[in-house]
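Colleague: predicted coordinates and the sequence they were generated for:
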Amino acid sequence: MAPIGLKSCPCRSALDTVQCRYETRFKVRNYRTGRFSTLSLLTPHVKQLLDLFEKYKDIDGYPPLWGDEIEYQLVAFNDSSQRANLLLKQEEVLNKVERLNTDVKDATQAATTPSKNHMTVPEFQPEFGSFMVEATPGEPYDSSSIKSLLSVEADMRKRRRMIQTCLSPDEAVVTMPGFPRLGAPGLYTEPALPTHGLLLRSQFLPDGLISTHERYGTIHDNMNERRAGRPAKVKIPIYRDKNTPWPWKESLQFPHRNDAQEDDAKQHHDNGAENFIYGDSMAFGPSFCGLQVTVQAKNLREARYLHDQLCPLGPIMMALSAASPFFRGFLTDTDVRWNQAASAVDDRTTNELRSNTIKPFGSHARWSSTAMYISDDPRLRTVYNPSEVKADSAIKRHLEQRGSMDALLASHYANILTRDPIALTKNELRTYESLDLFEILHSAVWPHVDFKLPTKNGAAGWRVEFRPLEVQLTDFENAAFALFVVSLARAILHYDLNLYVPIEKVAENMERAHTRNAVREQRFFFRVKVERTASDEDPEEEYTLMTIAEIMNGSPNLQDSNGQSFPGLLPLVQSYILEVFGSVPEDARQRIDKYLDIIRKRATGEVLTPASWMRQFVQRHRDYRKDSFVSERVCYDLMKVVKALGEGRIDPVELFSVGPRAEDK
């Protein structure tokens with residue numbers, strides 16, 4: 001969710017920067033009267049949406065391009081004290097890497113015979129945390145080219161190297177969703193900063209943790225304002241180990257009071273407040289990192305269809321990529337970050353949480369599983385969508401009448417248009433009329449599969465963003481997941497597959513994916529009959545509970561009403577590659593096989609997920625006391641291995657391999 005562009009703060013020290021931002025930060029002061037409650041107030045946003053829709057709704061033939069976004073973390077190592085801390089150097093790194101990019105571009109332009117590969121330099125943007133950097137390829141990849149597909153890992157390695165070049169020898173860039181000790185008791189940032197600041201008002205996080213970019217302070221402040229007094233609360237189940245005090249309550253185990261836990265105990269008469277790790281700031285959501293893949297469709301109709309077909313895949317891929325076994329310095333009883341982020345950035349008021357009638361989107365937070373299918377495909381049966389699709393009726397009618405949208409697409413956009421403009425900054429208000437107002441609204445809504453309009457200039461067409469992937473520890477793994485998602489998306493289009501299950505089953509699968517070791521211990525609702533034909537049978541007969549191994553590899557024991565076996569997603573991708581690309585060079589085939597093989601081995605349990613491996617690393621460490629607590633020394637040793645993995649000095653397949661029958665303890 002990073003914007004483009006970065007302005008330097010004139011302040012010199014980290015503490016001065018925080019104070020400067022606190023004094024000048026923007027809040028929507030008259031929030032109640034400033035909400036978009038009438039169509040007249042929404043006119044500029046609706047007009048921009050309708051103008052874009054009308055301009056591009058009939059455009060066909062966009063090329064099969066795609067791209068990825070990786071969020072990185074910066075870490076400082078102190079070998080003498082054996083500590084690893086988050087490095088708050090986002091602005092410095094971005095300024096340095098911008099100069100590197102400029103030098104590369106200048107050198108390329110000066111070359112007598114410039115190479116296209118040399119002209120392509122990655123793009124770097126700020127992210128929410130001042131220890132985070134986001135990077136994307138300089139140009140989109142072409143999914144119709146094997147050469148382009150196989151360039152992904154090299155491009156990811158280039159991005160990592162460029163960031164590392166901007167760091168000192170005792171600093172590193174890593175790819176992992178969450179730093180183990182973010183928000184833990186004690187100090188965990190470099191420079192060390194105090195908590196209980198005026199900006200975050202958190203007893204666990206320092207104010208300097210937020211990027212100095214105006215957008216992020218604005219989102220934080222406006223979310224707090226919009227909650228109307230409801231405190232931010234993140235609640236993650238703790239992993240129970242042999243010596244973990246039980247029932248577990250942080251305020252009893254450490255010499256400090258966890259205010260978020262105590263407040264929750266009062267509200268619920270102590271029921272449900274035990275055995276959870278609590279966070280008290282929205283920063284606990286966007287301070288965790290992900291891997292996103294965006295696929296361009298050839299036209300509007302194909303994009304709507306692809307959006308729907310990717311929705312059921314979200315929970316499956318999230319469980320396969322699980323890499324979040326920590327929260328605030330403790331082992332968690334979940335492996336992924338999705339619900340943590342959803343609760344952290346939930347800006348609904350207490351009344352909206354109690355009643356869906358307050359807001360048309362009242363049942364869905366900004367960060368959530370996708371609320372509805374939107375395709376005009378005849379195979380989208382009414383029963384697959386919620387029984388009542390919530391949308392502002394006036395805006396929905398306006399989009400249907402003035403924009404020639406059908407009811408599903410109008411409902412989708414109406415739910416975005418009725419959101420409050422939490423990402424609108426003070427500086428942007430000064431140029432309100434010239435802003436891309438709809439995109440500002442859209443950029444602060446985060447479903448697990450996002451449907452994206454073409455850009456104003458038409459450089460990018462109708463796109464679908466796949467958002468539930470956890471970022472992996474190595475470039476090889478990130479490339480494998482990115483390549484698999486885009487290849488599966490193209491296979492879906494090529495074979496015209498039908499993966500529909502009721503949208504509430506997708507939401508239930510998202511919850512199932514949060515189970516610890518879900519990839520091996522959980523089953524998921526998935527469609528058995530995936531060929532292109534429509535179905536007139538009972539919807540409940542179309543899908544069944546499957547293991548991820550069955551979903552990925554297929555199973556002769558899973559048959560549809562016609563006795564046809566479920567083929568599995570990996571065989572479909574392999575068939576697609578063979579049909580579309582034909583015979584490929586042996587070295588290219590071997591590389592593709594390696595990428596697909598790690599997906600297969602994750603599904604069967606032959607290779608651990610990063611979450612399971614990191615949990616085992618902690619549990620096997622000589623300093624771990626089997627009490628669920630990740631000490632500074634354990635964190636240091638883990639981050640050293642994570643650094644080595646990212647640098648390619650350790651093979652993740654060898655390190656994570658456990659054998660097909662191994663049990664995760």
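Modeller: Arrived safely. Residues are numbered from 1 along each chain as shown.

Colleague: now the closest residue to residue 241 other than its chain neighbours: how far from residue 611?
Modeller: Counting by Cβ to Cβ, 6 or more residues apart in numbering, residue 626 is the residue found nearest to residue 241 once chain neighbours are left out, at 4.7 Å. Just so you know, the C-beta spots here come from the backbone N, C-alpha and C atoms, and that holds for glycine as well. Residue 626 sits at a distance of 18 Å from residue 611 (criterion: Cβ to Cβ, to the nearest Å).

Colleague: same question, residue 277
Modeller: Taking Cβ to Cβ, one finds residue 277 at 16 Å from residue 611.

Colleague: and what of residue 152?
Modeller: For residue 152, the distance to residue 611 - Cβ to Cβ - is 23 Å.

Colleague: looking at those two, which has the bigger crowd around it?
Modeller: residue 611 (27 against 22; other Cβ atoms under 10 Å).

Colleague: what pLDDT does that one get?
Modeller: Note on residue 611: pLDDT of 98.

Colleague: before we move on, what about residue 496?
Modeller: Residue 496 is given a pLDDT of 96.

Colleague: just the strands in the stretch 101-250 of the chain please.
Modeller: 123-126, 132-136, 141-142, 171-174, 189-190, 234-237 (DSSP state E, counting those that start in this stretch).

Colleague: turn the ones you listed into JSON lines, columns for mean pLDDT and mean neighbour count.
Modeller: Formatted as JSON lines, the strands of the stretch 101-250 of the chain follow (pLDDT from 0 to 100; neighbours: other Cβ atoms under 10 Å):
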{"stretch": "strand 123-126", "mean pLDDT": "97", "mean neighbour count": "22"}
{"stretch": "strand 132-136", "mean pLDDT": "98", "mean neighbour count": "23"}
{"stretch": "strand 141-142", "mean pLDDT": "98", "mean neighbour count": "18"}
{"stretch": "strand 171-174", "mean pLDDT": "99", "mean neighbour count": "22"}
{"stretch": "strand 189-190", "mean pLDDT": "98", "mean neighbour count": "22"}
{"stretch": "strand 234-237", "mean pLDDT": "95", "mean neighbour count": "20"}
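
Colleague: looking at those strands, which is closest to residue 579?
Modeller: Taking Cβ to Cβ, strand 141-142 is the member of the strands of the stretch 101-250 of the chain nearest to residue 579, at 17.7 Å.

Colleague: that closest one: partners in the sheet, and parallel or antiparallel?
Modeller: strand 65-78 (antiparallel) (DSSP bridges).

Colleague: which other helices and strands does the helix or strand following the partner strand contact?
Modeller: Next helix or strand after strand 65-78 toward the C-terminus (DSSP states H and E): strand 83-87. The contact analysis (3 or more Cβ pairs under 8 Å, 6 or more residues apart in numbering; DSSP states H and E) places strand 83-87 against strand 65-78, strand 189-190, helix 632-646.

Colleague: pull the residues that contact the second one.
Modeller: This means strand 189-190. 76, 85, 86, 87, 88, 131, 206, 208, 209 (Cβ atoms under 8 Å, 6 or more residues apart in numbering).

Colleague: what about the spatially closest residue to the fifth one that is not a sequence neighbour, distance to residue 388?
Modeller: Just to be clear, that refers to residue 88. Nearest residue to residue 88 in three dimensions, chain neighbours excluded: residue 130, at 4.4 Å (Cβ to Cβ, 6+ apart). Noted for residue 130: a distance of 42 Å to residue 388, by Cβ to Cβ.

Colleague: ok, these two, which is more surrounded?
Modeller: More crowded of residue 130 and residue 388, by other Cβ under 10 Å: residue 130, with 28 against 8.

Colleague: out of the helices and strands packed on strand 83-87, flag the one nearest residue 487.
Modeller: Nearest of those (Cβ to Cβ): strand 65-78, 10.0 Å.

Colleague: quick one: the closest one to chain centroid distance?
Modeller: 12 Å (Cα atoms, centre = their mean, to the nearest Å).

Colleague: for residue 424, phi and psi?
Modeller: phi -80, psi 120 (degrees, to the nearest 10).

Colleague: okay, it: pLDDT?
Modeller: On the pLDDT scale, residue 424 gets 82.

Colleague: quick one on the thing from earlier: so which of the helices and strands packed on strand 83-87 is nearest residue 592?
Modeller: Here strand 65-78 is closest among those (Cβ to Cβ), at 16.0 Å.

Colleague: dump that closest one to CSV, keeping only the CA atoms.
Modeller: What follows is strand 65-78 as a C-alpha-only set of coordinates in CSV (Å, rounded to 0.1, in the frame of the first residue of the first chain):
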residue,chain,number,x,y,z
LEU,A,65,1.6,-8.8,-17.9
TRP,A,66,2.1,-9.2,-14.2
GLY,A,67,4.2,-8.0,-11.3
ASP,A,68,5.0,-8.6,-7.7
GLU,A,69,5.5,-6.5,-4.5
ILE,A,70,7.8,-7.5,-1.7
GLU,A,71,8.0,-5.8,1.6
TYR,A,72,11.4,-5.9,3.3
GLN,A,73,12.6,-5.4,6.9
LEU,A,74,15.8,-3.7,8.0
VAL,A,75,17.7,-5.3,10.9
ALA,A,76,20.8,-4.3,12.9
PHE,A,77,23.0,-6.9,14.5
ASN,A,78,25.2,-6.3,17.6
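
Colleague: between strand 132-136 and it, find me the angle.
Modeller: Per axes from the mean of the first three to the mean of the last three Cα atoms, to 10 degrees, the angle that strand 65-78 makes with strand 132-136 is 150 degrees.

Colleague: and strand 65-78 with strand 83-87, angle?
Modeller: 130 degrees.

Colleague: buried residues of strand 65-78, list them for me.
Modeller: 65-77 (16 or more other Cβ atoms under 10 Å).

Colleague: same check, this time on stretch 298-313
Modeller: Result for stretch 298-313 [16+ other Cβ under 10 Å]: buried residues 298-300, 302-313.

Colleague: how about the contacts made by the residue nearest to residue 160 when sequence neighbours are not counted?
Modeller: Excluding the flanking residues, the one nearest residue 160 by Cβ to Cβ, 6+ apart is residue 173, at 5.9 Å. By Cβ under 8 Å, 6+ apart, residue 173 lies in contact with 72, 73, 74, 75, 133, 160, 163, 164, 167, 646.

Colleague: in a markdown table: the residues you listed, plus distance to residue 384.
Modeller: Putting the contacts of residue 173 into a markdown table (distance: Cβ to Cβ, whole Å) gives the following:
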| residue | distance to residue 384 |
| --- | --- |
| 72 | 37 |
| 73 | 38 |
| 74 | 43 |
| 75 | 44 |
| 133 | 39 |
| 160 | 41 |
| 163 | 43 |
| 164 | 46 |
| 167 | 48 |
| 646 | 41 |
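
Colleague: any idea which of those is closest to residue 239?
Modeller: residue 73 (22.0 Å).

Colleague: for stretch 653-665, the averaged confidence score.
Modeller: Rounded mean pLDDT across stretch 653-665 is 65.

Colleague: the strands of the stretch 101-250 of the chain into TSV, with extra columns for distance to residue 348?
Modeller: Shown next, in TSV, are the strands of the stretch 101-250 of the chain (distance: least, Cβ to Cβ, whole Å):
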stretch	distance to residue 348
strand 123-126	27
strand 132-136	26
strand 141-142	38
strand 171-174	33
strand 189-190	30
strand 234-237	15
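
Colleague: between the ones you listed, which one is nearest to residue 290?
Modeller: That would be strand 132-136 among the strands of the stretch 101-250 of the chain, by Cβ to Cβ, at 9.8 Å.
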